[in-house]
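**Student:** attaching a predicted model along with its sequence, questions to come.
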Amino acid sequence: MKREPDFSELVGEEGAPEELERLRRVHELLVAAEPPPDVTRRLRRAPRVRARLPALPRPRLQAALGFAAAAAVALGFGIGYAVGNGGGFPRQAARPMHGVGRFAAASASIEIGKLDAGGNWPLQMVERGLPVLPRGGWYELFLTKNGKPDATCGTFRVSGSVTRVRLNAPYDFGEYDGWVVTSHVPGRQDRVLLST
């Protein structure tokens, strides 16, 4: 004859009375439950799998994985544009940005609005993954010439995982070859964190 497990031997008497009573009810339910049925002989062995996947040569596998990663990033930007454009910003064009160096996981998109009567291009930037800078620090969006920051489009700070800021650019974009975001922290050299 098999002896039922004793609750106090298993759990002890330490703990809040409400918790001990809840555990005692669960213990009694488990003891009252019947054991599970025996597994049939047929189910004791795993079925044999005969299908075999063709082995991809290593360069093709790497290319396939690279393509899948690029597609996932493009899909993420597409969803971000579709969902994130609900703030009433009439976008005419968008430029994606990617992280640089140890900030490779960061990204952003620059949404370019319609040129206003004063000659300003309204911009909306949606940034993901830049760290919050120490007190006194900020980020700055630049247009670049020959890959170097040349004309500022505004400054901003980040908070949380996604930051959306409105900026502007009173420049002829045809004179520039790209965009960068730099960080400015007192006592440190400015550096590029995002680029197009």
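**Tutor:** Received, thanks. Bear in mind the structure is a predicted one, so any value in this text is a computation, not a measurement. Residues are numbered from 1 along each chain as shown.

**Student:** L23 touches E13, doesn't it?
**Tutor:** No. Contact between L23 and E13 fails when scored by CB atoms under 8 Å: they sit 11.3 Å apart. (Each C-beta comes from the backbone N, C-alpha and C, glycine too.)

**Student:** so in the chain, where's the weakest helix or strand by average pLDDT?
**Tutor:** Sorting the helices and strands of the chain by mean pLDDT, DSSP states H and E puts helix 58-84 at the bottom, at a mean of 69.

**Student:** so which residues of the protein form strands?
**Tutor:** Counting by DSSP state E, the chain has strands at residues 93-99, 107-112, 121-128, 138-145, 148-156, 162-169, 178-184, 191-195.

**Student:** which positions within the second one qualify as buried?
**Tutor:** Neighbour-count burial for strand 107-112 flags S107, A108, S109, I110, E111, I112 (criterion: 16 or more other CB atoms under 10 Å).

**Student:** can I get the strands of the chain in JSON lines with distance to R58 and mean pLDDT?
**Tutor:** Below are these laid out as JSON lines (distance: least, CB to CB, whole Å; pLDDT from 0 to 100):
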{"stretch": "strand 93-99", "distance to R58": "26", "mean pLDDT": "91"}
{"stretch": "strand 107-112", "distance to R58": "29", "mean pLDDT": "93"}
{"stretch": "strand 121-128", "distance to R58": "32", "mean pLDDT": "93"}
{"stretch": "strand 138-145", "distance to R58": "37", "mean pLDDT": "94"}
{"stretch": "strand 148-156", "distance to R58": "39", "mean pLDDT": "94"}
{"stretch": "strand 162-169", "distance to R58": "37", "mean pLDDT": "93"}
{"stretch": "strand 178-184", "distance to R58": "34", "mean pLDDT": "94"}
{"stretch": "strand 191-195", "distance to R58": "30", "mean pLDDT": "92"}
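
**Student:** what's the closest of these to A74?
**Tutor:** Taking CB to CB, strand 93-99 is the member of these nearest to A74, at 8.8 Å.

**Student:** in its sheet, what does that closest one sit against?
**Tutor:** strand 107-112 (antiparallel), strand 191-195 (antiparallel) (DSSP bridges).

**Student:** hmm, back to that, now the strands of the chain as TSV including distance to R41?
**Tutor:** Below are those laid out as TSV (distance: least, CB to CB, whole Å):
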stretch	distance to R41
strand 93-99	57
strand 107-112	56
strand 121-128	55
strand 138-145	67
strand 148-156	68
strand 162-169	56
strand 178-184	66
strand 191-195	62
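
**Student:** how about these, which one is nearest A32?
**Tutor:** strand 162-169 (52.1 Å).

**Student:** direction included, what does that closest one pair against?
**Tutor:** Using DSSP bridges, strand 162-169 pairs in its sheet with strand 121-128 (antiparallel).

**Student:** many thanks, have a good one.
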